[in-house]
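S.K.: For reference, the sequence and a predicted model appear below.
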Amino acid sequence: MDNDSAAAPESSSGTSEYERERVPDSALLGSGKFWGMYAGEHAAGTEFMIGPLFLAAGASLQDLLLGLLLGNLLAVLTWRFLVTPIAMAKRMTLYYQLERIAGGSLVKLYNVINGLLFCFLAGAMVTVSASAVGVPFGITFDVPEAMFGLSNPAFTGLVAIVGIVIAVVAAGGYQRVAGFANLAAPWMISIFAACGIVSLAQMDVTNIAAMTEGKFWDDAIAFVQAKNGTGSEAFDFWQIVVFAWLCNGAMHVGMADLSIFRFAKHKSAGWAPSIGMFLGHYMAWIAAGLLLAALIKISPELALASDGKVTANPGLLAYASLGWAGIICVVIAGWTTANPTIYRAGLAFQGVLPKSSRTAMTLVAGAIATIAGAFPNLSAQLLGFVGTYGTVLGPMGAVIFVDFYLMKKFGLRDEYAAHSGTKTNLAVMIAWLLPVAVGLYLILAQGLFAAYAVIPCWVACGVIYLVLSKMMQKNGTSTESISSEGI
């Protein structure tokens, strides 16, 4: 594994992040930087929430084991073969590429939405870390019924402190984000594995036969459903597959990680998400689910919130299994997820205000994420939220895919806005907003499982963009009539 970690030199614009230009060869990073970052980001805070949510949603252990295996494999292949080739060819952030295709005015709208959704996701991780900090101080983690209801004042104060620390780390740039993840990832992965092993021992599951039978898991599901009044609904196999594949849809099918892989020196960096998917979204999700199952068996009263319902308190779950090591792991796990997410959000906001510094915009993103973290119910909605934000952000990835691979083959101008001077490429606007509007209607009004809408919206966006471009681009804007513009 190449561990080239040389810091990126100063760019012509006076920063080392190259937000509005190609990343030069001198600033490229070895694969080791990416493996560490993806391990830290995806064996991290969300895992302490999502694993227990699978159990609470009634997913069987067998479906979870097999469904996560298939879904995470699809996610890795999408990162490697969809995102990495374009990132290494263009070496620009997602936001600058979209500006060149869609026009500055449209991309500003996209960037605002993109940045805010990333901030809400990071906010959930601030909540997760604060839940762990509060355990040794006896500060409770109450989840109010209202989506934007605050917890108690002490917990809200903890959220503010944790959020400030995370924002400062993220503001340091990609090198600091990757470095923090590299240091934390190996230890956190070990702790997640220990959580699973200890939880099985606490439930007297000492052999493969007992694990395969899964009676302990079924008993925990029955307890949750009885206390929460959720009936016998089950999160089925295909929901698990599609969720595992597309819970990070904005990053891969939506191309947000063009901003990360633009620094890649070798194509092998594109396999880096595999460590996050299989040690994080596979092993860690299952281990976190086992934490809740164990707590229900050994101390069911601790699994109940003040309203008598089961609540997945990440800090308490980890503390019940591994004590202080669990507490520290939850804190750091929240940081390593929130750091790169806030970094991405800062880049998005800088796309709205190009003259602002990336550091300032990252701190703004950190402040918004901290405010979002003060509302604990947001983190309890992750199974639905990540599918919704993939539905909203993912289709723009189809625009980039079509623009990169298909436009010239159909005799059309790629990067149309940059070459024509238009501020709003109507083909992109319609292709993005129309499928997203339909997808959100099906999710919010018809109850469609959110992750199911991501791929249909992505395909529809790409097709509509290509068709409308063929209709709207005049002969005078063909690739032959417009001189190439450097990037």
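M.R.: Looks like it came in fine. None of the values given here were measured: they were computed from a predicted structure. Residues are numbered from 1 along each chain as shown.
S.K.: what's Pro314 in contact with, if anything?
M.R.: Contacts of Pro314 were listed using C-beta atoms under 8 Å, 6 or more residues apart in numbering, and they are Gly45, Phe48, Met49, Val128, Ser131, Ala132, Ala288, Val330. To be clear about C-beta, it is placed using only N, CA and C from the backbone, and glycine gets the same treatment.
S.K.: could you redo the last one with a cut-off of 7 Å?
M.R.: Taking C-beta atoms under 7 Å, 6 or more residues apart in numbering, we find Pro314 in contact with Phe48, Met49, Val128, Ser131, Ala132, Val330.
S.K.: Secondary structure element holding Ile189?
M.R.: Taking DSSP states H and E as the definition, one finds Ile189 inside helix 174-202.
S.K.: any residues touching the next helix or strand after that helix, and which ones?
M.R.: For helix 174-202, the succeeding helix or strand toward the C-terminus, using DSSP H and E, is helix 208-213. Residues from elsewhere that reach helix 208-213, judged by C-beta under 7 Å, 6+ apart: Val205.
S.K.: Could you do stretch 345-357 as well?
M.R.: The contact list for stretch 345-357 (C-beta under 7 Å, 6+ apart) reads 19-20, 93, 95, 99, 107-108, 111-112, 114-115, 118-119, 122, 170, 259, 358, 361-362, 364-365.
S.K.: So how do I select the buried members of those residues in PyMOL?
M.R.: For anyone working in PyMOL, the buried entries among the contacts of stretch 345-357, judged by 16 or more other C-beta atoms under 10 Å, can be selected with:
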select buried, resi 19+20+93+95+99+107+108+111+114+115+118+119+122+170+259+358+361+362+364+365
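S.K.: List the ones among the contacts of stretch 345-357 that fall in helices.
M.R.: Among these, the members found in helices (DSSP state H) are 95, 99, 107-108, 111-112, 114-115, 118-119, 122, 170, 259, 358, 361-362, 364-365.
S.K.: any weak-confidence spans in the stretch 151-300 of the chain?
M.R.: Applying pLDDT under 70 to the stretch 151-300 of the chain flags residues 170, 172-182, 184-185, 231-233.
S.K.: now with 50?
M.R.: In the predicted model, the stretch 151-300 of the chain carries no residue with pLDDT under 50.
S.K.: Could you do the stretch 1-150 of the chain as well?
M.R.: Counting by pLDDT under 50, the low-confidence segments of the stretch 1-150 of the chain come to 1-15.
S.K.: Where do the strands of it begin and end?
M.R.: Counting by DSSP state E, counting those that start in this stretch, the stretch 1-150 of the chain has no strands at all.
S.K.: Please enumerate the helices of it.
M.R.: Assigned by DSSP state H, counting those that start in this stretch, the stretch 1-150 of the chain shows helices spanning 31-42, 45-56, 61-78, 84-90, 94-102, 104-134.
S.K.: for the ones you listed, which one sits closest to Gln225?
M.R.: Put simply, out of these the one that sits nearest Gln225 is helix 45-56, at 8.4 Å, with distance taken as C-beta to C-beta.
S.K.: by how many degrees do that closest one and helix 61-78 diverge?
M.R.: Using axes from the mean of the first three to the mean of the last three C-alpha atoms, to 10 degrees, one finds that helix 45-56 and helix 61-78 are set 140 degrees apart in direction.
S.K.: Look at Pro24 and say how many residues are nearby.
M.R.: When neighbours are defined as other C-beta atoms under 10 Å, Pro24 has 13 of them.
S.K.: How about the backbone phi and psi for it?
M.R.: In this entry, Pro24 is assigned phi and psi values of phi -70, psi 160 (degrees, to the nearest 10).
S.K.: got it, and Cys247?
M.R.: Its backbone dihedrals place Cys247 at phi -60, psi -20, with angles given as degrees, to the nearest 10.
S.K.: how close does it get to Gly351?
M.R.: Counting by C-beta to C-beta, to the nearest Å, the gap from Cys247 to Gly351 is 24 Å.
S.K.: can you check Gly270 too?
M.R.: Noted for Gly270: a distance of 24 Å to Gly351, by C-beta to C-beta.
S.K.: burial count for the nearest residue to Leu304 once chain neighbours are set aside?
M.R.: Ranked by C-beta to C-beta, 6 or more residues apart in numbering and with sequence neighbours excluded, the top spatial neighbour of Leu304 is Val310, at 6.2 Å. Applying other C-beta under 10 Å, we find 23 residues neighbouring Val310.
S.K.: Sticking with Ala312, tell me its helix or strand.
M.R.: Element membership of Ala312, judged by DSSP H and E, is empty: it is in no helix or strand.
S.K.: In this structure it contacts Gly51, no?
M.R.: No - Ala312 is beyond contact range of Gly51, at 8.3 Å (criterion: C-beta atoms under 7 Å).
S.K.: ok, now which ones touch the residue nearest the centre of the chain?
M.R.: In the chain, the C-alpha nearest the mean C-alpha coordinate belongs to Asn248, at 4.7 Å (C-alpha atoms, centre = their mean). Taking C-beta under 7 Å, 6+ apart, we find Asn248 in contact with Ala75.
S.K.: Next, give phi and psi for it.
M.R.: Backbone dihedrals for Asn248, given as degrees, to the nearest 10, come out at phi -110, psi 30.
S.K.: Let the chain start at 49 from now.
M.R.: I'll keep to 49 as the first residue from here, and by that count the last item is Asn296.
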